[in-house]
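Student: Below are the sequence and a predicted model for it; my questions follow.
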Number of protein chains: 2
Amino acid sequence: MVSIKDVAQLAGVSVSTVSRVISGKIPVSDETATRVREAIRELDFHPNLLAAGLRSKSGNLIGLIVPDILNESFALISRFTEENAEQKGFTLIVGNTNEDPTREERFIRDLIRRHVDGIILLRVSHESRAFEIIERSKVPAVVVDRTIESEEAPSVVMDNYRAGEMVAEHLISLGHTRFACVTGPMNIAIVRERYMGFQETIEKNGMALEQECVIEGDFKYESGIEAIRRLVSHRERFTCLWAHNDLMAVGAMNELRRRKIPVPEAVSVVGIDNINIARMVTPGLTTIAQPFGEMCQAAVELILRMRDGEELRGSSVSFQPRLVVRETTARPL
Amino acid sequence: MVSIKDVAQLAGVSVSTVSRVISGKIPVSDETATRVREAIRELDFHPNLLAAGLRSKSGNLIGLIVPDILNESFALISRFTEENAEQKGFTLIVGNTNEDPTREERFIRDLIRRHVDGIILLRVSHESRAFEIIERSKVPAVVVDRTIESEEAPSVVMDNYRAGEMVAEHLISLGHTRFACVTGPMNIAIVRERYMGFQETIEKNGMALEQECVIEGDFKYESGIEAIRRLVSHRERFTCLWAHNDLMAVGAMNELRRRKIPVPEAVSVVGIDNINIARMVTPGLTTIAQPFGEMCQAAVELILRMRDGEELRGSSVSFQPRLVVRETTARPL
DNA sequence: ATGAAAGCGCTAACAA
DNA sequence: TTGTTAGCGCTTTCAT
């Protein structure tokens, strides 16, 4: 392995000069800089990141903790985050916890042991011990897709209340009067916000979201199926349904079809996420798209600002949802 | 940050003794070992991985290079690989290239600069410069999901010829005689093998796979749609179709439905991959499942064996496909 | 079985 | 602007 010493020797300078040329932050005469760069090129030198990180206390690393990489939304977020991190010169390590707190802790500890420059946490639960560990290490942390309810870290979210509003407005504008909803787990703040936006908009328009028509799901495909089973077997009357993600929406659609209840003729269905499946099912699913690209960019920028000493805890960046109308929503019969 | 020095001091031993206790590979008296472990626990000490890696030349790291993390199969592979790596005490870094050779090179280089212990490459193209770089660095490398055609690295694959055979056998056993196929890009070896297994089995049974009924796709959803458009507009006659992945199979199903051609009554459809969408579409997609869990385990084990000095280039580990019968295959009318 | 000491490859403080 | 030097926190000889 060629080291900075070899470069210094070939260029006829000291190792610190080479280091200065590489970092670009300390003035070096044009002439020597050129000679050094020449030597770097010639030897195909790439600085050892372990040595650099050990000394500078920066691993050139950003960590992303996700609950489930098989979830397409999280895969998308990890892709966007990586692209933003790389653009700023950082490598991204993605830790897939599978919702296991032990794994979560292990990942965070591993990152700290590699001198990570910042950690982005995706939708961590409020029971998570993550912040205790992070706090002690003084590593900057940002939470994405979880509404801030504490002073632990700055957060980046979509305006989930507004998403609920938009769905309700869309359905109301089509003439619907009987609403149903499959929510995510109600102990998650963003779920409650989605629900509130939906419900309050319906009420603001002089109608009601009947409690019997609200089913708590778990974001999984099967829970969309189960929701329809319960709604239908209880003979609830509804002409439209909002599921708190696309997976449950597709589950609901399939169960409706199985029961010969046509979508959207008898029941309109709306999801949220705009994953690929949404355009692959027939009819195409009307849904809410989250601006993940901007959210990930914001998250990386927050990390970097914190690293530079800014105190950002308690702050929160919010982005607007976007309604994607496809074929599962129509006027009620 | 607490360091090995603090532990040594508290336990009343030298740093080398602490290091020995941690590694567990060098004999230490039970008594001192206990004292050291006590101190480690008390101080909540976690060794700095940059320092350890710099000295020992092992970053405790395995790298995985994937073409597209949004592809559910690759997300699954990254999850399995991570689980196997962690079980062996390694952290996994996933590099998502988006099929961009520049990004691929950047990731590999970054891994090497972190003293990576091995690199697993997923379905790299034969034009890739990856191996040149890896070769020079002497880092163990394994290729997954690409048939070996060179002596660059050992490979782990599913038996793709057998997959083609299994699909053909299934369709033939149902009584089909007119076959169609949407392949992946023919410059990929595994695609040609799938095709050969399919075609030769059909011929072995006294029938033919007409060239007009074979469409080259690109593994994307849209290319399944396009394949049906071409087959139907050319008035090809076929009662069943095999797509070289589930995404194209679903695209084909949707286009068939749009044209009022019932699946499986008029046309049976088979995919390959067994991604989640396969069970979410209606009717459920019959497909081939790849044993990703075992494949990832094999890949990690190969990496570790190479690291321990075994020469494995040219070798190849192969796994058997599994047919998952759902509702898109039936007897022809 | 244990300790002392060198050194992995870099950065940063200090000197010139 | 440049060079010299210390040292980041570990592992690994080499002694004992």
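Tutor: Alright, I've got the coordinates.

Student: When you work out contacts or count neighbours from here on, use the C-alpha atoms and nothing else.
Tutor: Noted.

Student: for the helix or strand containing A:Phe74, packing partners?
Tutor: Secondary structure from DSSP states H and E places A:Phe74 in helix A:72-87. Using 3 or more C-alpha pairs under 8 Å, 6 or more residues apart in numbering or on different chains; DSSP states H and E, the elements in contact with helix A:72-87 are strand A:61-66, strand A:91-96, helix A:292-307.

Student: Once you drop chain neighbours, what's closest to the residue most central in space within chain A?
Tutor: The residue lying closest to the centre of chain A (C-alpha atoms, centre = their mean) is A:Ile77, at 4.8 Å. Leaving aside its sequence neighbours, A:Ile77 sits nearest to A:Phe292 (C-alpha to C-alpha, 6 or more residues apart in numbering or on different chains; 6.2 Å).

Student: pretty sure that neighbour is in contact with A:Arg79, am I right?
Tutor: No. Using C-alpha atoms under 8 Å, A:Phe292 makes no contact with A:Arg79, being 9.9 Å away.

Student: ok, now which ones touch the residue nearest to the centre of chain A?
Tutor: Contact partners of A:Ile77, counting by C-alpha atoms under 8 Å, 6 or more residues apart in numbering or on different chains, are A:Phe292, A:Gly293, A:Cys296.

Student: quick one: it and A:Thr91, what's the gap?
Tutor: Computed with C-alpha to C-alpha, to the nearest Å, the distance linking A:Ile77 and A:Thr91 is 15 Å.

Student: Now do the SS call for the residue lying closest to A:Pro101 once chain neighbours are set aside.
Tutor: Excluding its sequence neighbours, the residue lying closest to A:Pro101 (C-alpha to C-alpha, 6+ apart) is A:Ser128, at 6.7 Å. Using DSSP: H, G, I helix; E, B strand; the rest coil, the structure places A:Ser128 in coil.

Student: Next, count neighbours for A:Ser128.
Tutor: 13 (other C-alpha atoms under 10 Å in any protein chain shown).

Student: I'd like to know how far it sits from chain B.
Tutor: A:Ser128 is 19 Å from chain B, where distance means C-alpha to the nearest C-alpha, to the nearest Å.

Student: so what's A:Leu333 scoring on pLDDT?
Tutor: A:Leu333 is assigned a pLDDT of 88 by the prediction.

Student: I'd like to know how many residues surround it.
Tutor: A:Leu333: 10 neighbours (other C-alpha under 10 Å).

Student: mind listing what it touches?
Tutor: Counting by C-alpha under 8 Å, 6+ apart, A:Leu333 touches A:Glu265, A:Ala266.

Student: are any of the contacts of A:Ile77 buried, and which?
Tutor: Burial by neighbour count, 16 or more other C-alpha atoms under 10 Å in any protein chain shown: within these this picks out A:Phe292, A:Cys296.

Student: between the contacts of A:Ile77, which is nearest DNA strand D?
Tutor: A:Cys296 (31.0 Å; C-alpha to the nearest atom of the strand).

Student: correct me, but the closest one touches A:Phe80?
Tutor: Yes. A:Cys296 sits in contact with A:Phe80 when judged by C-alpha under 8 Å, with a separation of 6.0 Å.

Student: pLDDT at the nearest residue to A:Asp100 once chain neighbours are set aside, what is it?
Tutor: Closest residue in space to A:Asp100, ignoring its immediate chain neighbours: A:Pro67 at 8.0 Å, by C-alpha to C-alpha, 6+ apart. Turning to A:Pro67, the model gives it a pLDDT of 94.

Student: residues touching the residue lying closest to A:Arg113 once chain neighbours are set aside, list them.
Tutor: Leaving aside its sequence neighbours, A:Arg113 sits nearest to B:Asn48 (C-alpha to C-alpha, 6+ apart; 4.9 Å). Taking C-alpha under 8 Å, 6+ apart, we find B:Asn48 in contact with A:Arg113, A:Arg114, B:Ser3.

Student: For the residues you listed, which single residue is the most surrounded?
Tutor: Neighbour max across these (other C-alpha under 10 Å) = A:Arg114, 24 neighbours.

Student: Quick check: the gap between it and chain B.
Tutor: 5 Å.

Student: Ok, A:Asp117 next?
Tutor: Taken as C-alpha to the nearest C-alpha, the span from A:Asp117 to chain B is 13 Å.

Student: So that residue sits against A:Val139, correct?
Tutor: Yes. Counting by C-alpha under 8 Å, A:Asp117 does reach A:Val139; the two are 6.6 Å apart.

Student: Please say which of those two ends up with more neighbours.
Tutor: Between A:Asp117 and A:Val139, counted using other C-alpha under 10 Å, the more crowded position is A:Asp117 (24 against 19).

Student: next one: phi and psi at that one?
Tutor: Taking degrees, to the nearest 10, you get phi -90, psi -20 for the backbone angles of A:Asp117.
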